[in-house]
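Visitor: 3D, please:
(one chain, ligands or ions: 4)
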Amino acid sequence: MTASKTVRSFCRVCTSVCGILVETAGDQVIRVRGDRDHPLSGGYTCAKGRGLPGMHHHPRRLERPLVRSGAELTPTTWAECLDDLGTRVRAIIDEHGPQAVGIFFGSGVGMDAAGYRMAQRLHAAIGTPAKFSPLTIDGTAKVLISDLVGGSPALAPRPDYDAATFVLFVGSNPVVSHGHTVAMPSPVGTLKAIAARGELWVLDPRRTETARLATGHLAPRPGTDHAVLAYLVREVLRDGARHDILEHRAVDADVLAAAVEPFTLEHTAAVTDVAEEDLARLLAAVRRAGRVAVETGTGVTMAASANVTQWLAWVLMIVTGSLNQPGGAWFHPGFGNRLESFELPISPADGSFGPGPRSRPETHSFLNEWPCAVLADEIEAGNIRAVLNLGGHLVTAFPDTETLVPALKKLDVLATIEIIENETTALSTHVLPTKDQLERADVTLWDALLPRVAAQYAPAVVDPVGDRRSTWWVLAELARRLGHELADTTGKDATDEAMLAAIARRGRRPFEDLVAEGWVEAGRELPAPWVERHVDRLGGWRLAPRLLIDQLAALTEPAPLVFVPRRQKRHLNSQFDFLGATAEVLVHPDDAAAAGLVDGQPLIVRGARGELTGVTRVDPEIRRGAVSVPHGHQTANVNRLTDKDDLDLVTGMAHYSGLPVTVHPA
Ligand SMILES: Nc1nc2c(c(=O)[nH]1)N[C@H]1C(S)=C(S)[C@@H](COP(=O)(O)OP(=O)(O)OC[C@H]3O[C@@H](n4cnc5c(=O)[nH]c(N)nc54)[C@H](O)[C@@H]3O)O[C@H]1N2
Ligand SMILES: Nc1nc2c(c(=O)[nH]1)N[C@H]1C(S)=C(S)[C@@H](COP(=O)(O)OP(=O)(O)OC[C@H]3O[C@@H](n4cnc5c(=O)[nH]c(N)nc54)[C@H](O)[C@@H]3O)O[C@H]1N2
Ligand code: SF4
Ligand SMILES: [Mo]
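Guide: Residues are numbered from 1 along each chain as shown. Ligands and ions are numbered 1, 2, ... in the order given. The predicted structure follows:
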């Protein structure tokens with residue numbers, strides 16, 4: 001019998017990066033449990049983190065590079081696979097230019113620090129504008145509002161969870177998701193502490209797991225959250241706003257006041273279908289609290305009202321004097337980035353946009369990325385001929401499956417970096433198997449999403465299976481075949497540790513400290529002087545960007561029955577199929593009765609573009625008119641309901657929430 005050993009690591013399934021203890025015996029990963037000594041997660045784990053052994057030993061795990069010949073994907077060597085890929089991509093660039101290569105930065109490399117950094121360097125070396133990432137399928141509105149209102153995409157307000165006495169969640173369910181852009185390991189404890197200290201409010205069409213812990217829950221019609229916030233802002237501006245801030249730390253308060261003027265109690269109740277007394281109760285809670293923290297999630301960013309809602313969330317925090325204040329919201333300075341050490345460039349008043357792709361001239365690039373919604377059209381137009389898919393499951397993640405899949409089939413090259421076979425690898429011309437998280441050392445890449453100013457390190461726990469290699473190595477080898485020397489891939493520095501040391505060099509503490517201590521933390525200043533210096537240079541928070549005033553005026557009423565997105569405990573996007581999450585579609589009893597649906601029955605959800613089949617869950621806790629469809633299922637793919645042409649005209653992000661549907665017995 002092989003002796004077992006336990007290695008301290010951190011989970012890289014989601015951005016909460018909980019501390020874990022991984023038990024192995026030889027090449028078997030036996031068990032993952034929480035690390036009680038971890039300063040952030042304190043022993044907490046969820047089913048997904050504990051499911052890492054199942055991910056490592058997945059029956060469909062990829063162990064050899066594959067190259068397509070005809071209808072088949074055939075195992076091959078790295079040299080052959082990379083030579084073939086390099087030759088084909090190089091020929092495409094020579095003939096059609098770098099813009100014929102699209103690159104998707106998927107979630108699978110999003111938590112691989114060395115791989116992600118090499119992907120950025122490969123992208124820069126190729127020089128293609130066709131960069132795609134989950135930004136435009138998940139949360140463009142958040143970064144857009146940082147850019148427009150805060151004057152920098154790097155500024156993201158987050159609740160001061162340690163001291164806040166009033167937190168409002170809009171379209172986020174951290175008990176399941178562990179936070180949208182701000183990680184929340186051990187969410188139940190954090191939320192209970194807020195509710196015990198003060199008030200916790202939730203706006204969600206569903207009485208979610210988070211709403212159950214809240215002091216107050218309102219269920220506006222999907223896509224009308226902006227109205228609730230506009231009402232709060234209107235009332236606070238009339239009575240209780242911080243006039244010192246409106247006069248000296250913000251601009252355009254008069255334009256803002258005019259824009260929210262229509263949102264009286266009566267009008268807001270009509271738009272949202274929330275009772276007047278409930279709206280008034282929320283307003284009273286805001287007034288009592290003084291300082292407020294508002295946190296939004298994908299229920300906001302995926303809706304047609306995304307930008308406007310996110311804007312008004314910022315505005316409510318600004319007019320109550322809550323930004324950069326204890327008990328309000330703070331701005332993460334970064335551990336690796338150190339935002340306080342330089343002057344943040346001030347964004348243009350109309351946003352950091354650039355030209356969009358040729359096939360979709362009505363869209364733009366934002367922060368040098370193209371919206372994911374344009375990929376299918378760019379392929380069909382013959383503009384994109386090769387896609388480097390770095391750890392993404394395109395078939396479930398991108399909008400409009402009905403047009404995406406035929407387009408992907410027309411590519412000359414679809415190279416996918418993966419660890420487990422799926423529908424996207426099945427469409428690929430090259431499949432490149434890389435190390436999974438237990439096979440590689442890592443450092444925290446997205447330290448600015450942590451609730452603390454900190455970073456951590458994890459060693460590799462097991463040897464890579466089969467021919468799996470590091471993502472950074474694969475990309476550097478590909479780059480060499482395209483004529484770019486990005487890293488030493490054979491000498492003594494060709495190690496994961498050397499790559500990580502180079503990344504960590506820019507941070508607040510030496511890499512050696514990270515390795516020795518695992519977790520290193522720096523202090524947090526609140527108010528932070530660097531934020532105030534930024535506001536000085538900005539000339540005050542921009543309360544009323546023209547783009548947003550226009551979008552607010554142009555919003556239309558939601559359809560009577562729409563679908564809304566939802567995350568599941570035993571699923572991370574398309575991953576962890578083996579944990580058994582089912583595609584349960586939540587329907588209000590009245591909507592179910594009207595459609596002749598009973599609990600447990602297979603149902604069809606039909607949209608303008610296509611339909612999916614799921615299982616009916618009749619649920620009195622979801623509001624009438626909302627149908628909740630989980631994301632990431634291959635058989636009940638919710639992107640059969642989304643539409644590449646139904647998108648936000650400012651950001652180009654497709655609408656993933658609030659589209660009209662009908663429901664039917666299957
Ligand atoms: N309609 C609709 N569409 C959505 C959403 C929605 O709610 N509704 N959600 C959106 C959101 S929020 C996001 S973030 C995107 C997610 O879209 P994707 O980024 O495509 O995310 P995943 O489905 O998680 O796919 C990640 C892939 O990486 C692989 N992987 C896991 N670990 C590793 C690793 O260590 N290395 C490598 N190389 N690969 C690995 C997994 O096997 C998986 O196939 O989808 C978006 N699409
Ligand atoms: N277990 C698990 N955790 C995850 C993921 C996962 O797939 N599974 N995915 C990860 C990723 S990639 C992301 S981006 C984050 C997302 O993190 P969250 O944004 O917190 O995602 P959800 O848990 O789906 O919460 C979204 C909520 O919005 C509500 N909603 C839908 N439409 C509307 C609307 O119009 N208005 C309002 N007010 N609410 C609405 C839904 O009912 C749902 O409760 O989660 C991350 N964490
Ligand atoms: S919340 Fe779950 S998936 Fe996220 S880091 Fe912690 S254990 Fe991993
Ligand atoms: Mo996401």
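
Visitor: contact partners of the longest helix along the chain?
Guide: Counting by DSSP state H, the longest helix found in the chain is helix 78-96. With contacts defined as CB atoms under 8 Å, 6 or more residues apart in numbering, helix 78-96 is touched by 65-67, 100-101, 126, 385-386, 388, 412-413, 415, 429-430, 432, 467, 469, 474, 477-478, 480-483. In this view, the C-beta of every residue, glycine as well, is placed from N, C-alpha and C.

Visitor: contact partners of the helix or strand harbouring residue 284?
Guide: Residue 284 is part of helix 276-289 when elements are defined by DSSP states H and E. Residues outside helix 276-289 that contact it (CB under 8 Å, 6+ apart): 165-166, 198-199, 201, 215-216, 218, 228, 231-232, 235-236, 240, 265-266, 268-269, 272, 292, 316, 320.

Visitor: which residues does the residue of the stretch 451-600 of the chain found nearest ligand 3 contact?
Guide: Of all residues in the stretch 451-600 of the chain, residue 572 sits closest to ligand 3, at 6.5 Å by CB to the nearest ligand atom. Residues counted as contacts of residue 572 (CB under 8 Å, 6+ apart) are 13-14, 48, 107, 632.

Visitor: got the residues of the chain near ligand 2?
Guide: Residues of the chain that fall close to ligand 2, judged by CB under 6 Å from any ligand atom: 14, 138, 170-174, 176-178, 180, 203-206, 208, 222-223, 225, 297-299, 303, 564-569, 571-573, 628, 632, 657-658.

Visitor: from those residues, which are also near ligand 4?
Guide: For ligand 4, the contacts drawn from the residues of the chain next to ligand 2 by CB under 5 Å from the ion are residue 138.

Visitor: chain neighbours aside, what residue packs nearest to residue 379?
Guide: Computed as CB to CB, 6 or more residues apart in numbering, the closest residue to residue 379 that is not its neighbour in sequence is residue 407, at 4.1 Å.

Visitor: same deal with residue 268?
Guide: In space, and not counting its chain neighbours, residue 268 is closest to residue 231: 4.0 Å by CB to CB, 6+ apart.

Visitor: can you give me the angle the host helix or strand of that neighbour makes with helix 276-289?
Guide: If you go by DSSP H and E, residue 231 is part of helix 225-238. Taking axes from the mean of the first three to the mean of the last three CA atoms, to 10 degrees, one finds helix 225-238 and helix 276-289 inclined to each other by 50 degrees.

Visitor: please point out which parts of helix 225-238 sit buried.
Guide: By neighbour count with 16 or more other CB atoms under 10 Å, helix 225-238 contains the buried residues 225-237.

Visitor: what's in contact with the helix or strand just after that helix?
Guide: Remark: after helix 225-238, the chain's next helix or strand is helix 243-248, criterion DSSP H and E. Defining contact as CB under 8 Å, 6+ apart, one finds that helix 243-248 is touched by 253, 318-319, 321, 540, 543.

Visitor: 10 Å instead?
Guide: Contact with helix 243-248 is made by 237, 242, 252-254, 256-257, 318-323, 535, 540-541, 543, as judged by CB atoms under 10 Å, 6 or more residues apart in numbering.

Visitor: filter those down to the buried ones, ChimeraX style.
Guide: Provided next is the ChimeraX selection string for whichever of those are buried by 16+ other CB under 10 Å:
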select :237,242,252,253,256,257,318,319,320,321,322,323,535,540,541,543
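
Visitor: looking at the contacts of helix 243-248, which are in helices?
Guide: Per DSSP H, the contacts of helix 243-248 map to helices at 237, 253-254, 256-257, 318-319, 535.

Visitor: tell me the one among these nearest to residue 403.
Guide: Proximity of these to residue 403 (CB to CB) peaks at residue 256, which lies at 39.4 Å.

Visitor: dump the residue contacts of residue 250.
Guide: 149, 242, 256, 315, 318-319, 323, 535, 538-544.

Visitor: now do 6 Å
Guide: For residue 250, the contacting residues are 318, 540-541, 543, by CB atoms under 6 Å, 6 or more residues apart in numbering.

Visitor: for residue 534, see how far away residue 331 is.
Guide: According to CB to CB, to the nearest Å, residue 331 and residue 534 sit 9 Å apart.

Visitor: domain parsing for this protein?
Guide: 4-56, 66-128+371-443+453-522, 140-337+527-554, 562-665 (automatic domain parsing).

Visitor: if I look at residue 399, how far off is residue 299?
Guide: Distance, residue 399 to residue 299, by CB to CB: 17 Å.

Visitor: three-state assignment of residue 547?
Guide: helix (DSSP: H, G, I helix; E, B strand; the rest coil).
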